[in-house]
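> sequence and predicted model, in that order:
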Amino acid sequence: MDKSASHWLKEIRIIGGFLDGVVYQFSDRLNCIIGARGTGKTSILEFIRYGLNAMPINPREQKRIENLVESNLDGGRIEITIETREGLPYIISRSFSEQPIVLDLSHKATGLNFTPSLFRLDVFSQNEVEEIAGQSMSQLALLESFSQEALTELNSHIDQTRKSLEANAAATIPLKKHASELADSINILPGLTKRLQDFASGDSKNAEKLNAAHTQKGIRDREDHYVNALYNIYKETGTRLKGMKGDIQRQMEWCGNEELQDGADYELIRQLHDELAQNNAELDAAIDAFIEKFAQSYGRFDEKRKSLAVRHQQADIEFRQLIEKCKEEQVKSAERMKVEKERNRLLASQMELGEVNRKLKALETERQGLLQRLSEFLDRRFNIRKEIVDHINAALMPNVRVSLQQFGCKEKYLSLLVEALRGAAMQYKQVAGTIAELAAPARFSALIRKGDEARLIDSIGLNPNQAKAVISMLRNDEFLSKLEIVDMPDLPKIELNDYGTYKTTETLSTGQKCNTILPILLLDSDRPLLIDQPEDNLDNGFVHRIIVDSVQRVKQNRQLVFVTHNPNIPVLSDAERMLVLESNGTAGRIRNAGTVDECKEDIVNLLEGGEAAFKKRKERYSY
C-alpha cells in the first residue's frame, strides 16, 4: 500500500477536563498507550473516536462514549491534527455536544464540514472485537470497512431506491382502489346505452327530430360537466396562488433575531436575514402580477361561460317546446332525460377511469424500472463484498475462513410473513418459515398476485388448504408492495480453523472469537486502526504468534494505536511511539513518551511480564 495515500493521525491536544494539557504526537506506525488504572488510557482513545465522529452504530455504545467524554472532558475541547490521504493537513476541534470544526494549521476555520469522506479511521472500544464475532450485522459492517466509500454510496442508492418504491406504492394503492370503484360504477353503462337506443327507435312521425333533440340535450349536459371542470381549475388555482403570498415571511416568523443583536457577527446575521426577506416582496409582487393576469383570463372565460349558458338555456326552451308538442312523448322524454343524465355522468367516470389507468400504467412502468435498479444495486454491492471476502481469505486462510450468502439474513422477510398470516386457521408461523426458506420475495409475490395455488403447492410444499389461505390473506397491494422490497441483508460467516475443523464464531469461546476477528482487523488498510486492549481474552501464545507478527507486518503501511496492558504487544512489535499516562487521582498527565527503549522502565514497572517481554525481544532481535 502507498503510504502517501493513507489517512494519518498526527497529534491530539486536550484542553480542559481530566486530561487537561495532554499533547501527544503520533507515530505513523505503532503507537501504544499504557498506564495504571484510572490514568485516562481509554479516555484518549474515546476522545479520538468522539472528536472525529467515528461513533459506533449501537445506540447503547454511543451513549456510553458520550457519557465518558462529557464527564472527562468537563466542558473542555479536543483538538486532533490529521492528514488526509490526499496529503492535506487539518485540525479537527470538537467540544462535547458540538459538531466537529475543521481548522487549518493556523487554527483558522476552513468552512469545511467534517464528513467521513474527509477522514476515515477504524476504532474498536474494549470488548467490541468480541461483540463483532457474535453479531452478523457487525461482521457485515467490518467487511464493508474495506471498501467504505464505494459501499456507502451504494447503500445510499439502495436506501433511496427503496424510498422511491415506497412512494410509488403510496401513489399506486389509492389509485388502484379508485380505478376499481370507477370500473364497478360504469358496469351499467352498456345497459343505459341500450335503453337510450330503445328510446330512439320509436316509430312516431317526429322520432327523427326528437332523437336529434335528445342527442343535443345529452351533449349540452356533457358540455356543462366539462365547463364546470374548467371553472374548478380556475378556482382552485386562484386559491393556491393567493396562499403563496407571504410564504417566505410566514416561514421566517420563527426566525426572530433580536436575541442575537449582542453577538459579534450580528451585522452578518442581519444581512443574511435581509437577503432572504427581500425575496418575499419580490415573490409577492410576481404573484400579484400573475394573479391579475389570471383574473383577466378568468373574466374572459366567465363571459364565454355565461354566453354558453344562455345558448344552453335557449336550446333547452326549444327542446321543452318540441317535447310539449308531442304529448305522447312527454312521459317517455322525462325518463329518457333521466337515463341520459346518468349515462353522461358515467361517461365522465369512464373518461376519468381512462386517465387513472394511464397514471397506473406510468406508475407500474416506473416501479418495474425501480425494482430493476434495486436488483442491480444489490448485486453490485454483493459483488464488492464478495471481492472483500476473497481478499480476506487470500490473506488469512487456512487459519480463518470467511464466506458470504447473498440475501442470507431472512429475519425481516419472515417477520413480515408471520405478521401478515397471523390469525389464519393454520400453523401460520410454520407456514411462514417454509415460505421464507424456499421462496424469494419477488417470486413469492408474483405467485400471490396470480393466485397460483398449484405453484404454491408444487414448489413450496403447501397443502391445498394452506395455499388457499395464504393467497386469501396476502393478496392485497399494500402487503405485496412491502414484500417486493423487504430488506434481506447478505449473511457473512466467519470461521476459525480449530485443529482442522472450521467452527463458526457463535460456537467459539470468547478467546477464540477474538482469535478469529483480530487477524481481519489487522489487515492492510488506508485507515488508522485504534483498539482498546486487543489482547483481552487472548493467551500470550496467541498474542505472540498472531498479533505481534501481524502488527510487525501491517505497521509498515498502516498506522496503529493500541491501549494495552500486555507488554508483548509494544515490546515484541517494537512500538515506534509509547504514551505513558499517570494520575494523581484528580487529573491525568503524561508520565513519559517515546520509543520502547525510552519507556522501558515504565513498561517493566506498569505491565506484568514486562521484564520477560524485553528478554524475549532480545532473543528475537539479538539486542
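Yep, that arrived.

> count of neighbours near Glu576?
19 (other C-beta atoms under 10 Å). To be clear about C-beta, it is placed using only N, CA and C from the backbone, and glycine gets the same treatment.

> that one and Gly585, how far apart?
31 Å (C-beta to C-beta, to the nearest Å).

> what's the helix or strand for Ile91?
Assigned by DSSP states H and E, Ile91 belongs to strand 89-95.

> relative to that strand, what are the paired strands and their orientations?
Looking at strand 89-95 with DSSP bridges, its partner strands are strand 77-83 (antiparallel), strand 101-103 (antiparallel).

> okay, those strands, which one's buried deepest?
strand 77-83 (a mean of 20; mean count of other C-beta atoms under 10 Å).

> so which bits of stretch 413-424 are buried?
Tyr413, Leu414, Leu416, Leu417, Val418, Ala420, Leu421, Ala424 (16 or more other C-beta atoms under 10 Å).

> for the helix of greatest length in the chain, the distance to its chain's centre please.
For the chain, the helix with the greatest residue count under DSSP state H is helix 327-396. Centroid separation for helix 327-396 versus its chain: 25 Å, with C-alpha atoms, centre = their mean, to the nearest Å.

> which strands and helices sit next to that helix?
helix 136-144, helix 148-185, helix 189-200, helix 207-244, helix 266-325, strand 400-405, helix 510-521 (3 or more C-beta pairs under 8 Å, 6 or more residues apart in numbering; DSSP states H and E).

> which one of those lies closest to Glu79?
helix 148-185 (24.7 Å; C-beta to C-beta).

> what comes up buried for the closest one?
148, 151, 154, 157-158, 161-162, 164-165, 168-169, 172-173, 179, 182.

> hmm, which two among these are most spread apart?
Greatest spacing in those, by C-beta to C-beta: Gln148 and Leu182 (50.8 Å).

> what's the host helix or strand of Lys618 in contact with?
Remark: Lys618 resides in helix 610-621, with elements defined by DSSP H and E. Here helix 610-621 makes contact (C-beta atoms under 8 Å, 6 or more residues apart in numbering) with His544, Pro567, Asn568, Val571, Leu572, Asp574, Lys600, Ile603, Val604, Leu607, Tyr623.

> any weak-confidence spans in the stretch 201-350 of the chain?
201-207, 254-256, 325-333 (pLDDT under 70).

> I'd like the next helix or strand past the helix-or-strand element of the chain with minimal mean pLDDT.
None of the helices or strands of the chain scores lower by mean pLDDT, DSSP states H and E than helix 540-542, at a mean of 68. Tracing the chain past helix 540-542, the next element assigned as helix or strand by DSSP H and E is helix 549-554.

> report the central residue of this protein.
Nearest to the geometric centre of the chain sits Asp159, at 4.3 Å (C-alpha atoms, centre = their mean).

> for that residue, give me the pLDDT.
Looking at Asp159, its pLDDT stands at 96.

> residues contacting it?
With contact set as C-beta under 8 Å, 6+ apart, Asp159 has no partners.

> how much space between it and Leu360?
26 Å.

> same deal with Phe614?
On the measure of C-beta to C-beta, Phe614 and Leu360 end up 78 Å apart.

> and if you look at Ile494?
Counting by C-beta to C-beta, the gap from Ile494 to Leu360 is 47 Å.

> run a quick neighbour tally on Asn515.
23.

> contacts only, for it.
Asn515 touches Leu496, Leu508, Leu538, Phe542, Ile546, counting by C-beta under 8 Å, 6+ apart.

> how many neighbours does the third one have?
In this case it means Leu538. Using other C-beta under 10 Å, Leu538 is surrounded by 21 other residues.

> begin at 20 from now on, thanks
Happy to do that; since the first residue is 20 now, the last one works out to Leu557.

> surely Pro538 and Met416 touch.
No - in this structure, Pro538 is not within contact of Met416 by C-beta atoms under 8 Å, at 10.6 Å.

> great, nothing more from me.
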